[in-house]
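*Asks:* Any chance you could fold what I've pasted below:
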Amino acid sequence: MTLTTRPELVGTFGMVASTHWLASAAGMAVLEEGGNAFDAAAAAGLVLHVVEPHLNGLGGDAPIIGFDVASGRPWVLCGQGTAPAAADHSAFTALGLGVVPGTGHLAAVVPGAFGAWMSMLERHGSLPLERITRFAIGYAREGYPLIPQAVATIGTVAELFAAHWPTSAEIYLAGGMPPSPRARFRNPALADTLERIVREASAGGGSRERVIARARDTFYRGFVADAVDAWMRHPVRDSSGRDHAGLLRADDLASWEPTWEAPATIEFAGVTVAKTGPWGQGPVLLQQLAMLAHQDLGAPGSAQTVHAVIETAKLAFADREAYYGDPDFVDVPLAALLSDGYARERAGLVGPRAADGQHPGRPGGRTPVLPREVAAPQTGTAGIGEPTVARDGLTRGDTCHLDVVDRWGNVVAATPSGGWLQSSPVIPGLGFSLPTRAQMFWIEQGLANSIAPRKRPRTTLSPGLLLRDGRPYLAFGTPGGDQQDQWPVAFLLNHLVHGMNLQESIDAANWHSTHMPSSFYPRDSEPRGVVVEDRVGDAVVAELRERGHDVTVSGPWSLGRLSAAGIREDGMLIAAANPRGMQGYAAGR
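*Replies:* So this is what the prediction gives:
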């Protein structure tokens, strides 16, 4: 028997796995009350908005992928908000900006998470709204233990809060000091906001679905939208080192709706792998797996495996930079990018040594267009623009993830993020921040991901789903910015190719490339950069360096925040969660 940090959970009733134990417990409580996977996912997601404010928030983003037994098919729900109508590139160049600031008002897009949760509940849920929201309201009102990582993040931006973001200081610097780790922490303004939404939505009566629809209207066309509009007109300090007003307006929220879409898919190792469309980076996971199917991988965790995965990632992410963007605005050659012939051609470019440069392909004969190299210096005085993972593996803030499966066979994965406390000041009276996802756009025009009014930024948020013979098998995902479609590659190879169970696959040593341009301000990159957990072993590190990789050795349990939940071939339910960071947990029976 292989020793793992926790057991792979196996049961028959339901499973919830997430990046915080309180969210997993809330989701499981909903299942115990008779709710389905979609009810549980929304409850868990709303709790994550409360208890991990440095990782996500009620004003953030939330792509969701799921399978409901009623329709018998998988779907993607896009909870990624769009750029404001006023967000033309000239709005930024007129301010002398070459990149969208990573913090503050100018980077704000429509907050999509709440709309996505409500749309999912309206279409697929079963419980009344007040039974879904009561856990998040309770933690915001009565308090929860603020994890040490959140406290450390608050400490990093305490000076900014005190000098420039007083609305954030009011909540996170009570008495002028950051809270103590694991002390009871409350956000009564956020509790008030959620309670008011539920109260106004319930006032008109009617069906469960009608109440949920009114809750969405209350957020996007009611008092929340009005507060956002007023706040955006008030200049605040951002990562440019200057004060700027925002472009987001109430009409941007009122005109936005989450969209239901078919997932992008490929076949790999006997399963169908499903991801979001190219408005997210999800297809880069599909491209990597398609290329790895044509390569010699070697033993799990070997230098050959790490090298092949890293070099494949470079090729897939180069295509991301050249071709991925909102398909409502650009013609993304997705079918060609995911074709087996293209994968075979690209896999042939992987040599024995680390490649340099960015090398996108020519899918369908397309000519790639890459952004100019732009890397603006950070001032260090206006928040954290890249809330992901540092080169040494340390997390400065990030994202959340959850997976749920119920006894009826419904499966859902969601990756809520954005609205980070360290990237956007708290909206007065609402208790939460706005998403700064516009920093992922390029101001430079003519690119797939160039900024444009009402366009979706090419998000890194990337939940995943596996199917066997058209039926759901596994929901999975991880926080991690550009690593969200790198860390799962090792997980899937371990599980699907090498036969490890979910917990073994999550616990195994991981790695990622830093070669590609970052999706976040200041859009830097580290040519041939590779970060590995030291558990890969000295011999693997030495061979990678001999092959030309610039290797950084991180801590033994530092890379990856994966969780997963699904259904075995015999019908038993399974789940597992990441031990790294000491907060993720799976629950089930």
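*Asks:* can we go C-alpha only for contacts and neighbour counts from here?
*Replies:* OK.
*Asks:* Might you quantify the distance of stretch 555-573 from its chain's geometric centre?
*Replies:* 17 Å (C-alpha atoms, centre = their mean, to the nearest Å).
*Asks:* Skip the chain neighbours and tell me the closest residue to the residue nearest to the spatial centre of the chain.
*Replies:* Nearest to the geometric centre of the chain sits Leu461, at 3.2 Å (C-alpha atoms, centre = their mean). Of all residues beyond its chain neighbours, the one nearest Leu461 is Thr415 (6.0 Å), with distances taken as C-alpha to C-alpha, 6 or more residues apart in numbering.
*Asks:* what's the answer for Arg123, then?
*Replies:* If the residues on either side of it in the chain are set aside, Arg123 comes closest to Glu209, at 7.7 Å by C-alpha to C-alpha, 6+ apart.
*Asks:* Please name every helix or strand in contact with whichever strand or helix holds that neighbour.
*Replies:* Secondary-structure element containing Glu209, defined by DSSP states H and E: helix 208-221. Using 3 or more C-alpha pairs under 8 Å, 6 or more residues apart in numbering; DSSP states H and E as the contact criterion, the neighbours of helix 208-221 among helices and strands are helix 113-124, helix 129-142, helix 188-203, helix 250-254.
*Asks:* if you compare those, which one is most tucked away?
*Replies:* Here the criterion is mean neighbour count by mean count of other C-alpha atoms under 10 Å, and of the helices and strands packed on helix 208-221 the winner is helix 113-124, at a mean of 24.
*Asks:* tell me how far that one is from the chain's mean position?
*Replies:* Distance, centroid of helix 113-124 to centroid of chain: 17 Å (C-alpha atoms, centre = their mean).
*Asks:* Which secondary structure elements does it sit against?
*Replies:* With contacts defined as 3+ C-alpha pairs under 8 Å, 6+ apart, helix 113-124 has these neighbours: helix 37-51, strand 73-78, helix 208-221.
*Asks:* Using CSV, list the CA coordinates for the next helix or strand after the last one.
*Replies:* Later in the chain than helix 208-221, the nearest helix or strand by DSSP H and E is helix 223-232. Coordinates of each C-alpha in helix 223-232 appear next as CSV, following Å, rounded to 0.1, in the frame of the first residue of the first chain:
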residue,chain,number,x,y,z
PHE,A,223,-28.2,48.2,-5.4
VAL,A,224,-25.0,46.3,-6.1
ALA,A,225,-24.7,47.6,-9.6
ASP,A,226,-25.4,51.1,-8.4
ALA,A,227,-22.7,50.9,-5.7
VAL,A,228,-20.2,49.6,-8.3
ASP,A,229,-21.0,52.5,-10.7
ALA,A,230,-20.5,55.1,-8.0
TRP,A,231,-17.3,53.6,-6.7
MET,A,232,-15.7,53.4,-10.2
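*Asks:* which outside residues touch helix 223-232?
*Replies:* 105, 218-219, 245-250, 253-254, 427-428, 430 (C-alpha atoms under 8 Å, 6 or more residues apart in numbering).
*Asks:* pretty sure Val411 contacts Ala564?
*Replies:* No. The pair Val411 and Ala564 does not pass the contact test of C-alpha atoms under 8 Å, sitting 10.5 Å apart.
*Asks:* Who has more neighbours out of the two?
*Replies:* In this view Val411 and Ala564 are compared by other C-alpha atoms under 10 Å, and Ala564 has more residues nearby, 32 against 29.
*Asks:* thinking again about what came up before, any idea of the pLDDT on the residue nearest to Leu461?
*Replies:* At Thr415, the predicted lDDT confidence score is 97.
*Asks:* pretty sure it is in contact with Thr459, am I right?
*Replies:* No. Taking contact to mean C-alpha under 8 Å, the distance of 11.0 Å between Thr415 and Thr459 leaves them out of contact.
*Asks:* can you list residues touching both of Val411 and Ala564?
*Replies:* Shared contacts of Val411 and Ala564 (C-alpha under 8 Å, 6+ apart): Asp403, Leu474, Ala475.
*Asks:* Among these, which are located in helices?
*Replies:* Secondary structure assignment by DSSP state H places none of the shared contacts of Val411 and Ala564 in helices.
*Asks:* Now restrict these to buried residues only.
*Replies:* Asp403, Leu474, Ala475 (16 or more other C-alpha atoms under 10 Å).
*Asks:* which residues touch the last one?
*Replies:* Taking C-alpha under 8 Å, 6+ apart as the criterion, Ala475 is in contact with 66, 403-404, 411-413, 463-466, 564-566.
*Asks:* Would you mind listing the residues in contact with Asp57?
*Replies:* In this structure residue 57 is Gly, not Asp. Contacts for Gly57 (C-alpha under 8 Å, 6+ apart) come out as Leu48, His49, Val50, Pro416, Ser417, Gly418, Gly419, Trp420, Leu421, Phe432, Ser433, Leu434.
*Asks:* from those, which two are the most distant?
*Replies:* Pairwise distances across these (C-alpha to C-alpha) peak at 15.4 Å, for the pair Leu48 and Leu434.
*Asks:* what's the burial count for Leu208?
*Replies:* In this structure residue 208 is Arg, not Leu. The burial metric for Arg208, expressed as a neighbour count using other C-alpha under 10 Å, is 17.
*Asks:* which regions of this structure sit below the pLDDT cut-off?
*Replies:* 1, 373-397 (pLDDT under 70).
*Asks:* One more pass at 50, please.
*Replies:* 374-381, 385-386, 388-397 (pLDDT under 50).
*Asks:* For the biggest helix by length in it, C-alpha coordinates in PDB please.
*Replies:* Using DSSP H to define each element, the chain has its longest helix at helix 303-323. As requested, C-alpha coordinates have been extracted for helix 303-323 and formatted as PDB (Å, rounded to 0.1, in the frame of the first residue of the first chain):
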ATOM      1  CA  ALA A 303      13.500  13.400 -15.900                       C
ATOM      2  CA  GLN A 304      12.200  12.200 -19.300                       C
ATOM      3  CA  THR A 305       8.600  12.700 -18.200                       C
ATOM      4  CA  VAL A 306       9.300  16.200 -16.700                       C
ATOM      5  CA  HIS A 307      11.200  17.200 -19.800                       C
ATOM      6  CA  ALA A 308       8.500  16.000 -22.200                       C
ATOM      7  CA  VAL A 309       5.700  17.700 -20.300                       C
ATOM      8  CA  ILE A 310       7.600  21.000 -20.000                       C
ATOM      9  CA  GLU A 311       8.500  21.100 -23.600                       C
ATOM     10  CA  THR A 312       5.000  20.200 -24.600                       C
ATOM     11  CA  ALA A 313       3.700  22.900 -22.400                       C
ATOM     12  CA  LYS A 314       5.900  25.500 -24.100                       C
ATOM     13  CA  LEU A 315       4.400  24.600 -27.500                       C
ATOM     14  CA  ALA A 316       0.800  24.700 -26.300                       C
ATOM     15  CA  PHE A 317       1.200  28.000 -24.400                       C
ATOM     16  CA  ALA A 318       2.900  29.600 -27.400                       C
ATOM     17  CA  ASP A 319      -0.300  28.700 -29.300                       C
ATOM     18  CA  ARG A 320      -2.300  30.200 -26.400                       C
ATOM     19  CA  GLU A 321      -0.500  33.500 -26.900                       C
ATOM     20  CA  ALA A 322      -0.900  33.500 -30.700                       C
ATOM     21  CA  TYR A 323      -4.500  32.300 -31.000                       C
END
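*Asks:* Brilliant, that's me finished.
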